[in-house]
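*Asks:* Here you go, sequence then predicted model.
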Amino acid sequence: MTALAVVATVVPTESTQQAIGYPTLFALVLIGALVPIVPTGALVSSASVVAFHQTAPFSLALVFVTASTAAFLGDATLYWLGRRGMGSKNGSRWLEAIRSRAPEDRLEQAQQKLADHDVAVLVLSRLVPAGRLPVMLACLLAKWPMRRFARGNLPACLAWAVTYQLIGILGGSLFDEPWQGVLAAIALTVLISATPALWHRLRKAGSTR
């Protein structure tokens, strides 16, 4: 999904925000939690820019509730599917999808941090780009029950929604036109998401030398 497509999706006119914007945001964040190729952080930031410029009351609060609820339900569903895969002889495509996005070195780090800090690691995992799935896999391998995972994942989703909403509010406050703030928010979230991967590559190249 390109940045322009994201903008077109999450920037409805004010008259259609309630009818289209929030359900669309909910669906895309939910899908993004299950299939981590949708830029959910950029979606929340973009929707927050639009809400910041609107006159309707509680717009920002509705963005927060919509995004955090969708993220929590998506994570819970993916974890449930992963637990089913762990209990199956042949695994599952959902479990394999989680494994494919959890490199061995990051999984080892996640397992160590989970052993040292328990539930607190879940909160940080959603705030660190590409940190969610390695920690989720570590929880699966540690055979955490669904209730324990959900209890730790709830504050993680709330903190994640607040963080990306603040990025959107910052973008909205810097520009008079909503579309300018949306583009700024998308650029910032993409930069934040790309930084850890770039740092990892630089460290790997340095160690190789």
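*Replies:* Thanks, I have the structure now. Nothing here was measured: the structure is a model prediction, and the numbers come from that model. Numbering: from 1, shown residues only.
*Asks:* check contacts around the nearest residue to Ser125 once chain neighbours are set aside.
*Replies:* The shortest distance from Ser125 to any non-neighbouring residue, by C-beta to C-beta, 6 or more residues apart in numbering, is to Val135 (3.7 Å). The C-beta positions use only the backbone N, C-alpha and C, and glycine is treated the same way. Applying C-beta atoms under 8 Å, 6 or more residues apart in numbering, we find Val135 in contact with 110, 113-114, 121-122, 125.
*Asks:* Check Leu154 too.
*Replies:* Taking C-beta under 8 Å, 6+ apart as the definition of contact, the neighbours of Leu154 are Phe72.
*Asks:* Just the buried positions in whatever helix or strand it lives in, please.
*Replies:* Counting by DSSP states H and E, the secondary-structure element that holds Leu154 is helix 146-174. With burial defined by 16 or more other C-beta atoms under 10 Å, the residues of helix 146-174 counted as buried are 149-150, 152-161, 163-165, 167-172.
*Asks:* Then stretch 118-137?
*Replies:* Of the residues in stretch 118-137, those buried under the neighbour-count criterion (16+ other C-beta under 10 Å) are 119, 121-123, 125-127, 130-137.
*Asks:* Need the pLDDT of the residue nearest to Ser125.
*Replies:* According to the predicted model, the pLDDT of Val135 comes to 93.
*Asks:* same thing with Leu198?
*Replies:* 54.
*Asks:* cool, the one 10 residues further on as well?
*Replies:* Residue-level confidence at Thr208 comes out at 55, pLDDT.
*Asks:* can you pull the contacts of Leu166?
*Replies:* With contacts defined as C-beta under 8 Å, 6+ apart, Leu166 is in contact with Ser48.
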